[in-house]
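>>> Need coordinates for the below:
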Amino acid sequence: MAKPTTTRKKIVASVKLVIPPAKATPAPPVGPALGQHGLNIMDFCRKFNDETKGMPEDLPVRVRVTIYSDKTFEYEVKSPPTSVLIKRAANIAKGASTTGRDFVGQITKRQVEEIAKQKMKDLNSKDIERAIKIVAGTARSLGIQIAEEQGD
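The predicted model follows:
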């Protein structure tokens with residue numbers, strides 16, 4: 001996050017993207033989403049790729065880009081989407097086609113808690129118990145059951 005300035009710039013747009021770490025290119029989805037606001041796309045790609053260089057490449061990250069009227073920008077890299085983390089933990093490629101009826105996999109309560117801890121900074125909850133419920137709800141909507149631990 002950039003430091004607050006004394007003069008406020010006018011925000012033109014706020015764009016949300018999901019991009020694999022260190023793989024931002026002017027091609028879709030980055031180019032069209034940022035180019036329509038007159039942003040220097042290569043400048044964004046270079047900065048984003050440098051910042052996310054050490055992250056696992058198979059986990060896409062969410063990015064919020066704030067674009068100002070003078071064509072400058074700020075961006076914030078967030079954690080991977082909850083659904084991606086859940087599908088990875090369940091070792092599945094995609095969720096169920098009919099939610100609530102079909103189940104395509106399962107994860108343990110411990111895995112749900114680990115995902116909740118990883119997502120805490122991006123969730124609208126300061127309480128770990130609420131965060132666990134949010135992650136569990138996402139898992140259910142993907143058709144993934146929450147299983148008890150073997151020793152519980």
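>>> Next up, the contacts around residue 58.
20, 88 (C-beta atoms under 8 Å, 6 or more residues apart in numbering). From N, CA and C alone the C-beta is placed, and that goes for glycine too.
>>> Which of the helices or strands spans residue 49?
helix 41-51 (DSSP states H and E).
>>> helices or strands next to that helix in the packing?
helix 30-35, strand 73-77 (3 or more C-beta pairs under 8 Å, 6 or more residues apart in numbering; DSSP states H and E).
>>> got the buried residues for that helix?
41, 44, 45, 48, 51 (16 or more other C-beta atoms under 10 Å).
>>> neighbours around residue 26, how many?
Neighbour count for residue 26, taken as other C-beta atoms under 10 Å: 13.
>>> if I read this right, residue 30 contacts residue 43, doesn't it?
No - at 11.7 Å, residue 30 does not count as touching residue 43 under the criterion of C-beta atoms under 8 Å.
>>> thinking again about what came up before, contacting residues around the helix holding residue 49?
Against helix 41-51 from outside (C-beta under 8 Å, 6+ apart): 19, 22-26, 30-31, 34-35, 63, 65, 73, 75, 77.
>>> Can you flag the buried ones in these?
19, 22, 24, 30, 31, 34, 63, 65, 73, 75.
>>> residues in contact with the third one?
The reference is to residue 24. Residue 24 touches 30, 44, 45, 48, 49, counting by C-beta under 8 Å, 6+ apart.
>>> Give the helix, strand or coil label for residue 53.
coil (DSSP: H, G, I helix; E, B strand; the rest coil).
>>> what's the nearest residue to it if we skip its chain neighbours?
residue 22 (4.9 Å; C-beta to C-beta, 6 or more residues apart in numbering).
>>> burial count for residue 59?
14.
>>> Which neighbouring elements make contact with the helix ranked longest in the chain?
Ranked by number of residues, the top helix in the chain under DSSP state H is helix 128-141. Helices and strands touching helix 128-141, by 3+ C-beta pairs under 8 Å, 6+ apart, are helix 82-90, helix 109-119, strand 144-147.
>>> Only the buried residues of that helix, if you could.
So, applying 16+ other C-beta under 10 Å, buried residues of helix 128-141: 131, 132, 134, 135, 136, 138, 139, 140.
>>> Now render the residues you listed as JSON lines, adding pLDDT and distance to residue 113.
Shown next, in JSON lines, are these (pLDDT from 0 to 100; distance: C-beta to C-beta, whole Å):
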{"residue": "131", "pLDDT": "93", "distance to residue 113": "9"}
{"residue": "132", "pLDDT": "93", "distance to residue 113": "6"}
{"residue": "134", "pLDDT": "92", "distance to residue 113": "12"}
{"residue": "135", "pLDDT": "93", "distance to residue 113": "8"}
{"residue": "136", "pLDDT": "93", "distance to residue 113": "10"}
{"residue": "138", "pLDDT": "91", "distance to residue 113": "14"}
{"residue": "139", "pLDDT": "92", "distance to residue 113": "12"}
{"residue": "140", "pLDDT": "91", "distance to residue 113": "16"}
